[in-house]
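Enquirer: no FASTA, just this:
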């Protein structure tokens with residue numbers, strides 16, 4: 001069911017990127033991605049809580065403790081609401097200051113960029129409240145619901161493309177508004193489904209100091225790893241904007257979209273495996289858990305290899321068919337981002353095992369410390385006059401050193 005979801009979203013994603021890029025133009029498309037990246041920098045706290053939610057839900061399901069599961073869900077939702085308020089304040093102060101003073105934005109697009117930023121914040125707030133509900137679906141392994149709701153999501157995204165062509169108003173602003181309403185509808189459906197399907201998803205205020213500390217403790221160490229990944233993605237995106245402008249941001253966004261589509265072949269498979277890893281550990285089935293880890297790693301690597309070999313060798317041909325006119329650097333960016341996916345893939349099972357045990361301190365500290373080096377080194381390289389793709393070479397070297405050291 002996850003692969004059905006993937007093929008639907010993949011087809012629409014590739015189609016919409018082509019149309020949106022032509023409709024908005026390279027500058028506006030790059031602006032949308034980099035301005036949204038400022039909001040993404042402020043979401044690291046919520047991102048760190050998502051694995052914690054799923055881990056604790058799966059753990060209680062493995063122990064068949066429904067009462068504690070309901071308490072955990074309610075407390076998690078309360079924490080997300082508090083985080084949402086805090087991050088909204090940060091986004092409208094620090095984030096807005098950064099957008100206006102540090103970003104490379106053409107003067108005639110400042111008004112549009114401001115509203116892109118505001119609707120990106122609104123989309124983020126809707127998403128953050130929906131994370132516990134999505135985590136509940138994954139913990140219950142009812143993954144077919146993602147495929148069903150994705151059919152509606154596909155229809156909405158196609159409607160966005162059509163409406164973008166119809167409206168004559170500033171298309172960058174229109175695009176941001178339409179994507180916000182798409183996010184609102186989809187996440188509302190997830191919430192309604194969980195409330196009706198799972199009894200623990202009916203919110204009741206609950207407070208437990210020890211559980212609160214456990215959730216935040218787990219999230220705190222995960223936060224460091226998420227922060228490192230954020231620097232690799234959004235930090236580099238902003239760095240490229242400062243040195244080369246929004247057109248290069250558009251190029252990197254296209255390459256990242258290709259990589260994201262390719263990685264879905266692997267992440268969909270691993271998403272189905274993650275709850276079982278945690279449940280096996282909670283049930284004392286450690287041998288079964290490790291067998292599942294090794295098998296899923298091998299299968300994932302072969303799947304990624306099968307999908308990416310044609311892209312690596314024929315990137316120029318494939319991208320030309322897709323986009324017609326290729327922006328500068330898009331071919332080399334696509335190839336290098338895919339190469340990083342291979343190295344990154346091998347670390348996923350390590351993260352899943354450490355999350356299942358709850359002992360993530362050492363793993364996240366070492367892995368995050370290695371990955372966080374990417375931003376300062378990339379800055380030095382770009383400051384020396386090297387081209388944009390040099391940031392990807394830096395990332396590949398850092399990831400290789402980190403994995404070879406065993407993290």
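Expert: Structure received. Keep in mind it's a predicted model, so treat the numbers as computed, not measured.
Enquirer: May I have the phi/psi pair for residue 168?
Expert: phi -100, psi -10 (degrees, to the nearest 10).
Enquirer: And it, how far from residue 116?
Expert: 18 Å (CB to CB, to the nearest Å). C-beta here means a position set from N, CA and C on the backbone, and glycine is covered the same way.
Enquirer: The two: which has the busier surroundings?
Expert: Shown here are residue 168 and residue 116; by other CB atoms under 10 Å, residue 116 has more neighbours (28 against 6).
Enquirer: Need the per-residue pLDDT for that one.
Expert: Looking at residue 116, its pLDDT reads 82.
Enquirer: tell me which element it is part of?
Expert: Assigning secondary structure by DSSP states H and E places residue 116 in helix 110-139.
Enquirer: Give me the buried positions along that helix.
Expert: Of all the residues in helix 110-139, those buried under the rule 16 or more other CB atoms under 10 Å are 112-139.
Enquirer: where in the protein is pLDDT low?
Expert: Applying pLDDT under 70 to the chain picks out residues 1-3, 26, 34-51, 219-220, 223, 231, 268, 358-359, 402-407.
Enquirer: 50 - rerun?
Expert: 406-407 (pLDDT under 50).
Enquirer: Mind giving me the packing neighbours of the helix ranked longest in it?
Expert: As assigned by DSSP state H, the longest helix anywhere in the chain is helix 2-41. On a contact count with 3 or more CB pairs under 8 Å, 6 or more residues apart in numbering; DSSP states H and E, helix 2-41 meets helix 96-101, helix 110-139, helix 144-166, helix 171-197, helix 236-244, helix 246-282, helix 315-323.
Enquirer: Now render those helices as JSON lines, adding distance to residue 75.
Expert: Output for the helices and strands packed on helix 2-41, formatted as JSON lines (distance: least, CB to CB, whole Å):
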{"stretch": "helix 96-101", "distance to residue 75": "31"}
{"stretch": "helix 110-139", "distance to residue 75": "10"}
{"stretch": "helix 144-166", "distance to residue 75": "24"}
{"stretch": "helix 171-197", "distance to residue 75": "16"}
{"stretch": "helix 236-244", "distance to residue 75": "34"}
{"stretch": "helix 246-282", "distance to residue 75": "18"}
{"stretch": "helix 315-323", "distance to residue 75": "45"}
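Enquirer: Nearest to residue 88, out of those?
Expert: Closest approach to residue 88 among those (CB to CB): helix 110-139, 6.4 Å.
Enquirer: And the helices in the stretch 251-400 of the chain?
Expert: For the stretch 251-400 of the chain, the helices defined by DSSP state H, counting those that start in this stretch cover 286-313, 315-323, 330-345, 348-357, 361-371, 374-383, 390-404.
Enquirer: Now render the ones you listed as a markdown table, adding mean neighbour count and distance to residue 196.
Expert: Output for the helices of the stretch 251-400 of the chain, formatted as a markdown table (neighbours: other CB atoms under 10 Å; distance: least, CB to CB, whole Å):
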| stretch | mean neighbour count | distance to residue 196 |
| --- | --- | --- |
| helix 286-313 | 15 | 31 |
| helix 315-323 | 15 | 40 |
| helix 330-345 | 20 | 36 |
| helix 348-357 | 20 | 29 |
| helix 361-371 | 18 | 36 |
| helix 374-383 | 17 | 44 |
| helix 390-404 | 18 | 42 |
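Enquirer: Among those helices, which comes closest to residue 278?
Expert: Residue 278 lies closest, by CB to CB, to one member of the helices of the stretch 251-400 of the chain: helix 348-357, at 4.4 Å.
Enquirer: now that closest one, how far from the chain's geometric center?
Expert: Per CA atoms, centre = their mean, to the nearest Å, the displacement of helix 348-357 from the mean C-alpha position of its chain is 18 Å.
Enquirer: ok and it relative to helix 246-282, angle-wise?
Expert: On the basis of axes from the mean of the first three to the mean of the last three CA atoms, to 10 degrees, helix 348-357 is oriented at 50 degrees to helix 246-282.
Enquirer: re earlier: looking at the helices and strands packed on helix 2-41, which is nearest to residue 339?
Expert: For residue 339, the closest of those is helix 246-282, at 9.7 Å, according to CB to CB.
Enquirer: buried ones in that closest one?
Expert: 246-259, 261-282.
Enquirer: Then stretch 9-25?
Expert: 9, 10, 12, 13, 16, 17, 18, 20, 21, 23, 24, 25.
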